[in-house]
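Colleague: here is my input, please return the structure:
(3 chains)
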Amino acid sequence: MTSQNDAFVAFEHVQKSYDGVSLVVKDLNLSIGKGEFLTMLGPSGSGKTTCLMMLAGFETATHGEIRLDGKPINQVPPHKRGIGMVFQNYALFPHMTVGENLAFPLEVRGMGKDERETKVKRALDMVQMGNFINRRPAQLSGGQQQRIALARALVFDPKLVLMDEPLGALDKQLREHMQFEIKHLHETLGITVVYVTHDQGEALTMSDRVAVFNDGRIQQLAPPADLYERPENSFVAQFIGENNKLPGVIEELTGDKALVRLATGELIDATAVNAKEKGGKTLVSIRPERVEFKAEMMPEGAHMIDAEVREIIYMGDILRVVLRVAGADGFVMKMRNTLGQTRLDPGQKIKVGWHPQDARALDPM
Amino acid sequence: MKKLLVLTTALTSLAFAANADVTVMSWGGAYGEAQTEAHVKPWAAATGNAAVMVDSDNPAPALKAMVEAGNVTVDVASVEYADAVRLCDEGVLEPIDPATVKPGADGTAAVDDFFPGAITECGVATDIWANVFAYDTTKFPEGPKTVADFFDLTKFPGKRGLRKGAKAVLELALLGDGVAPADVYATLGTPEGVDRAFAKLDTIKSEVVWWEAGAQAPQLLADGEVAMTTAYNGRIFGAAVGEGKPFQIVWDGQIYESELYVVPKGAPNKDLAMDFISYATSTEGLRAQASNISYGAPRKSSNIEPIIYKDGKTDMAPHSPTNPANMANSLLTSSDFWVDHDAELNERFQAWLSQ
Amino acid sequence: MAEASTELLTTADGRPLKEALAIAQSRAKRRAFLLVLPLLLFVLLTFLIPIGYMLKRSVEHDGFARSAPALVEWFEANPGFDYANPPEEAYAALVKDLTFMQTEKLTGLSGTRINYTVPGTISLFKAGARAAKDLQAPYKEALLAVDAEWARPALWRGMEAASSKFTTEFYKVGTDNKLGDNGWERGGDKDRIYLYLFFKTFLVSGIITVICLLLAFPVAHLLAVLPMSRSSLLMILVLLPFWTSLLVRTTSWIALLQEQGILNDLLVWLGVVGDDNRIAAMYNMTGTIVAMTHVLLPFMILPLYSVMRVIPPSYARAARSLGATSWTTFRRVYLPQTLPGIAAGSLLVFILAVGYYITPALVGGADGQLISNLISFHMTKSNWSLAAALAAMLLAAILLLYWLYDRLIGIDRLKLG
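Modeller: Now for the predicted structure:
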């Protein structure tokens, strides 16, 4: 998307160790373009927050270089980086009013009173909190505090805003609403956002690109749709969304088309992603909504295998059908709950299959 | 209100409401020990009654508190002369019938045998102790000889230890300024006399280390913090004879007074208490105490034979305030004066200290 | 709520809702009350009653009023008489009372009472009482023949004031006033001590509080940010003074700081000071401040620590990310949030310092005396009323401080740990 040279934020061979024995971040290379919304997604301990803290200046890189707008910032103290930041617990100063909280970054920059007031008001209006200027943070709800924290991070017009799990403490409904608002603000203001979360749904809905972290490395860096539909390894496939996994051995390999033999001897179709050796072990990943049980929906020559219906879970818009496939329980198929949908019953024997491009033969973990 | 107060003090005093027939309250330390060895134990052995000694920082205020609260747990207490007079005036003490005080071993009537003033309305003297000053002989081989030397910083340079309080300090200042012992209280009774005493103290004020607890004085001397210090003579004796410290007492200008046994009003065993005092203040009782600590026995018959310290060899006479050689230039503390002027002069003293 | 006031809500069986609720809760309330009852009684018995008793003592003394019934009656009948020249009837009443005192053994009690305001009167009363029964009219001349002091106007003023059971005289004495022949007047330069000592006590306590704060702040911060394993070790060091006897600690300071002490020996050995030029750090104000600071330091560290521990590090990070330097972050963000701890620690240390007694007595020397030492002096000299008045003044000053604290910071923000 963006090359290293004109990147707004760039990590180059960045490593971080806290104890001198193990690396928390292992050789990180990442470029973030101006105006981009990039999300760092990963389980806890994957190194994503450490990366964010290095960018903010609260942690120093053990090795490598971090550049902001072309200039190395390794030696720049946090208050001179001009980066806005939103924290998980909001970190609104409890002894100041909302207005004082917002004026704080302007005051320390030596801005005059009139200009401060204008900016504070504009920032508050931006998050629809104009009436709360004299309240104290403790008098606000979680969602309101979140908006104030957001406004405070934006009030001094930073070019880059970092968000560290900013919606983690909100309930589901409010979270979804705020996701929309943050995305909206990002679009209107044209700022660059680096967003850290462990919630894949959040990452998928908000980001231009998502960097999936595990074990101190970026496992995959891609737009949300790619990440979901074309995971590049088993970790990403498993971490993003729900998927079915079928272990097997590559029987035939034609271009990126692979024929995989399961332990039960059955053959399935898949797209070879990072298992490109004939006879090699692989793990085939198929999204539940891409599983078909009607032969007429299958492409020409595609394989179908035996399955037995174990359980049907009614979920409103969809039906989750839990199947026994290739000698193992837990294979999930999602059916849309449409008028005239075929009725399945527990114990019923069916055949299931999929388009080869929907099944991805990945590393065997 | 009163009942509740009684209840609280009763609760707090449960600690020493032991099952003894007679409870004696004294100052603890070597002094309390001397009275225990000389009086409490022998009396219990002789009469078959149980007796116990309890310690106090100062028995006089404790007695007053007990009597005021109406919960007296002590039968006999050892208090300073001025306190005995004052508490007696305030009605805190039982009067003691002089007839119960035993005549001397040689048959002399008690009133003639005791030193003047040693038997008062409410108390009988148990010993005579003195405020003296002492120095380290290794510091001054040719030591100070007179009370004036205490104030002579040129001849005897070095810090001075003094008890922090007006009593005995103002008298010392006047004695050091050349006032005859007989005129000390008359002088101190006038504003000019008080000014004169403070003026004398001014001459050494910058060199003074003030002490409060009796044990501090020999400690200051031992640490080398002071070149000489006033002290209770028994404390210096304890350090010199007991611990072999090179301390020398200067008896010139000693200010002595008696310590008295008294019985608080409402003592649980008043009759036994009177018997205890009668036993303890007998010729032998007072000799026994004087052989345990270097305070003088306050009756003539006790002093006829030499009193030997409990180590079996030290003659107490040179160490006793009542030894005639030690009394050449000495002053008996006037309890009347201090009863009248204690508060007033101490306020003045504290004000002077802070200036 | 508006509806509830107009229409009484009832339970299903028709009882008023409030009543039903009260019954339902009364059991729990009773149990809660019984649980706190022992503490309540304990506080009442050991704290409130003694304080009440002390306050009463500071304004009440019937030593003279009950020993001199005739004079009490005469003073009541003759207000505003000529103190410089009381009439014969007054002397007659006095002689009558002196005789009464002698037979009832009340001389000491009444003399002591008058002596509190007019020094030198105990022996006067004793001598007068002994002579009283032999005196003949005219009593004025007869009594003055015994001792001319009986004509002192100050004495008559003192007796008139003492003829009432209740008095504010102890507060007058406690504020450096003297009863002279012309009534109450400010004490002479050489006698004024109490107000000065109050001032000094508060000043020293203030200095100690500030030093404690300066020393405790970094320590508490370190305690709050260190990992648990290391901070608990440090905490043990902080609490160590609590586990050592106060006397032992004070004596150790003496051994350390006195002129022949370890510190001076070390300095002399190092050649920093000469042997005849040793630093006087003990038996003066320096010694008092050093020893008291040490004793009181934990009382500052603990409240600070308890406040700092719950301040998330994200506040400082937020401030830094918003563009504040580390100093601004400390001043504008961290420090204000530690205020409840600072206030609680300071209040605690200050109040403890104001009432401290043992340490200044042992290491204070000449100028290290505080007001509590004089209170203790009057306690042992059995002038309980003056001691009570001084203590009450101290209490009032502390309550004033507490009130100020409540006004400025708010008592609900006090955090002690």
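Colleague: what about C:Ala24, which helix or strand?
Modeller: helix C:17-43 (DSSP states H and E).
Colleague: is chain B within reach of that helix?
Modeller: No: using C-beta under 8 Å from any C-beta of the partner chain, helix C:17-43 stays clear of chain B, with a minimum separation of 10.3 Å. C-beta here means a position set from N, CA and C on the backbone, and glycine is covered the same way.
Colleague: for that helix, buried residues please.
Modeller: Neighbour-count burial for helix C:17-43 flags C:Ala20 (criterion: 16 or more other C-beta atoms under 10 Å in any protein chain shown).
Colleague: next one: stretch B:136-152
Modeller: For stretch B:136-152, the neighbour count (16+ other C-beta under 10 Å) marks B:136, B:139-140, B:144, B:147-151 as buried.
Colleague: which of the residues you listed fall within strands?
Modeller: Under the assignment DSSP state E, those contribute B:Asp136 to strands.
Colleague: could you say which helix or strand holds whatever residue of the stretch 201-350 of chain B ends up closest to chain A?
Modeller: Nearest to chain A in the stretch 201-350 of chain B, going by C-beta to the nearest C-beta, is B:Gln350, at a distance of 45.3 Å. Using DSSP H and E, B:Gln350 falls within helix B:335-354.
Colleague: what packs against that helix?
Modeller: Using 3 or more C-beta pairs under 8 Å, 6 or more residues apart in numbering or on different chains; DSSP states H and E, the elements in contact with helix B:335-354 are helix B:81-89, helix B:169-176, helix B:184-188, helix B:191-202, helix C:107-117, helix C:121-132, helix C:194-225, helix C:371-380.
Colleague: the fifth one near chain B anywhere?
Modeller: Yes: contact of helix C:107-117 with chain B (C-beta under 8 Å from any C-beta) involves C:107-109, C:111-112, C:115-116.
Colleague: need these in TSV (columns: distance to B:Lys155, pLDDT and neighbour count).
Modeller: Compiled in TSV, the residues of helix C:107-117 next to chain B are given as follows (distance: C-beta to C-beta, whole Å; pLDDT from 0 to 100; neighbours: other C-beta atoms under 10 Å in any protein chain shown):
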residue	distance to B:Lys155	pLDDT	neighbour count
C:Thr107	48	85	25
C:Gly108	45	82	25
C:Leu109	49	84	22
C:Gly111	44	88	29
C:Thr112	44	86	23
C:Asn115	41	88	25
C:Tyr116	43	88	24
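Colleague: so which bits of the stretch 201-350 of chain C are right by chain B?
Modeller: Within the stretch 201-350 of chain C, the positions lying close to chain B (C-beta under 8 Å from any C-beta) are C:258-261, C:283.
Colleague: at 7 Å what do you get?
Modeller: With C-beta under 7 Å from any C-beta of the partner chain as the criterion, the stretch 201-350 of chain C meets chain B at residues C:258-260, C:283.
Colleague: report the buried members of the residues you listed.
Modeller: Listed as buried from those are C:258-260, C:283; burial here means 16+ other C-beta under 10 Å.
Colleague: report the two of those separated the most.
Modeller: C:Gln260 and C:Tyr283 (12.0 Å; C-beta to C-beta).
Colleague: any stretches of the stretch 301-417 of chain C with poor pLDDT?
Modeller: C:411-417 (pLDDT under 70).
Colleague: spell out which parts of it neighbour chain A.
Modeller: So the stretch 301-417 of chain C meets chain A at C:312, C:314-315, C:317-318, C:320-325, C:328, C:333, C:336-337 (C-beta under 7 Å from any C-beta).
Colleague: secondary structure, pLDDT and distance to A:Pro299 for the buried ones among the residues of the stretch 201-350 of chain C next to chain B - can I get that in TSV?
Modeller: Converted to TSV, these look like this (DSSP: H, G, I helix; E, B strand; the rest coil; pLDDT from 0 to 100; distance: C-beta to C-beta, whole Å):
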residue	secondary structure	pLDDT	distance to A:Pro299
C:Gln258	coil	84	100
C:Glu259	coil	81	102
C:Gln260	coil	82	103
C:Tyr283	coil	80	102
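Colleague: closest to chain B among the residues you listed?
Modeller: C:Gln260 (4.3 Å).
Colleague: thought that closest one was touching B:Gly224?
Modeller: Yes: with contacts counted by C-beta atoms under 7 Å, C:Gln260 reaches B:Gly224, the gap being 4.3 Å.
Colleague: anything in contact with each of these two?
Modeller: Residues touching both C:Gln260 and B:Gly224 by C-beta atoms under 7 Å, 6 or more residues apart in numbering or on different chains: none at all.
Colleague: now do the strands in chain C.
Modeller: Using DSSP E, strands in chain C cover C:177-180, C:183-186.
Colleague: and the first one, what does it pack against?
Modeller: Going back to what we said before, that points to strand C:177-180. Here strand C:177-180 touches helix C:153-162, strand C:183-186, going by 3 or more C-beta pairs under 7 Å, 6 or more residues apart in numbering or on different chains; DSSP states H and E.
Colleague: is any residue of the shortest one near chain B?
Modeller: In other words, strand C:183-186. No: Strand C:183-186 does not reach chain B (C-beta under 7 Å from any C-beta); its nearest approach is 13.2 Å.
Colleague: having no further points to raise, I will conclude here.
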